[in-house]
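Novice: Pasting the sequence and the predicted coordinates here, then a few questions.
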Amino acid sequence: MSKIYLFLADGFETVEALAPADVMRRANLDVTTVSIMGRTTVLSAHGVGVVADCLFENADFSDADALVLPGGSQGTENLSAHSPLREVIKKADDEGKLIAAICAAPMVFGRMGLLDGRRATCYPGCDAELGKAKYTASSVEQDNNIITACGPAASFEFGFAIVDYFCGADVVAVIREQMRFNDL
């Protein structure tokens, strides 16, 4: 089973964390939410308190198959400022593991130079922080081991892209049907 860590920081966009986590767990992926705030309860950009599964400082990421970053302006800045997280992201990328970010959070990868020469998307106006990425303005974009998405409305599709990466399109189709996406 694939091990996925989803990082939470104060100011994260609620739906960009919880919708992908829900979709991934429906696919039986092992998702652990991680607080970088030194406490388990993390406040979203809209004041929703979410209790993370663990604290960053108590986690061992050596078993990670994927690292996921939700967006939100303040949340992204908090993630970007956390140097131990940046080290974990760099190591994962060096090892070819999946790294994924949505909304403003692809800026974390861009600031690290991880998107240089790769296709990526993000929230409109954040593209100046993507380094030398090939900005596509797509809803969801995948380039090898990196998945990026453009914002809250893409939260489910972002989750489906991660599930597709690990489980394939057939599993995504089943989950989409179970969640009634085919009725929209």
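Specialist: Received the coordinates, thanks. Numbers count the residues shown, from 1 in each chain.

Novice: Show me the helices in the protein, by range?
Specialist: Ranges of helices in the chain, per DSSP state H, are 14-26, 73-81, 83-94, 106-111, 155-167, 169-178.

Novice: For A66, find the nearest of these.
Specialist: Nearest of the helices of the chain to A66, taken as C-beta to C-beta: helix 155-167 at 6.7 Å. C-betas here are computed from N, CA, C, even on glycine.

Novice: Which strands and helices lie in contact with the closest one?
Specialist: Applying 3 or more C-beta pairs under 8 Å, 6 or more residues apart in numbering; DSSP states H and E, we find helix 155-167 packed against helix 14-26, strand 66-69, strand 98-102, strand 140-143, strand 146-149, helix 169-178.

Novice: and that helix, how far out from the chain's middle?
Specialist: Chain-centre distance of helix 155-167: 10 Å, with C-alpha atoms, centre = their mean, to the nearest Å.

Novice: Same question for stretch 85-104.
Specialist: Stretch 85-104 has its C-alpha centroid displaced from the chain centroid by 9 Å (C-alpha atoms, centre = their mean).

Novice: Would you mind measuring the gap between the ends of that stretch?
Specialist: By C-alpha to C-alpha, to the nearest Å, the extent of stretch 85-104 from end to end equals 16 Å.

Novice: rewinding a little: got JSON lines for the helices of the chain, with distance to L67 too?
Specialist: Putting those into JSON lines (distance: least, C-beta to C-beta, whole Å) gives the following:
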{"stretch": "helix 14-26", "distance to L67": "12"}
{"stretch": "helix 73-81", "distance to L67": "10"}
{"stretch": "helix 83-94", "distance to L67": "5"}
{"stretch": "helix 106-111", "distance to L67": "10"}
{"stretch": "helix 155-167", "distance to L67": "11"}
{"stretch": "helix 169-178", "distance to L67": "20"}
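
Novice: so what's the residue nearest to A133 when sequence neighbours are not counted up against?
Specialist: Among residues not flanking A133 along the chain, L115 sits closest, at 3.6 Å (C-beta to C-beta, 6 or more residues apart in numbering). By C-beta atoms under 8 Å, 6 or more residues apart in numbering, the contact list for L115 reads 106, 109, 130-133, 146, 148.
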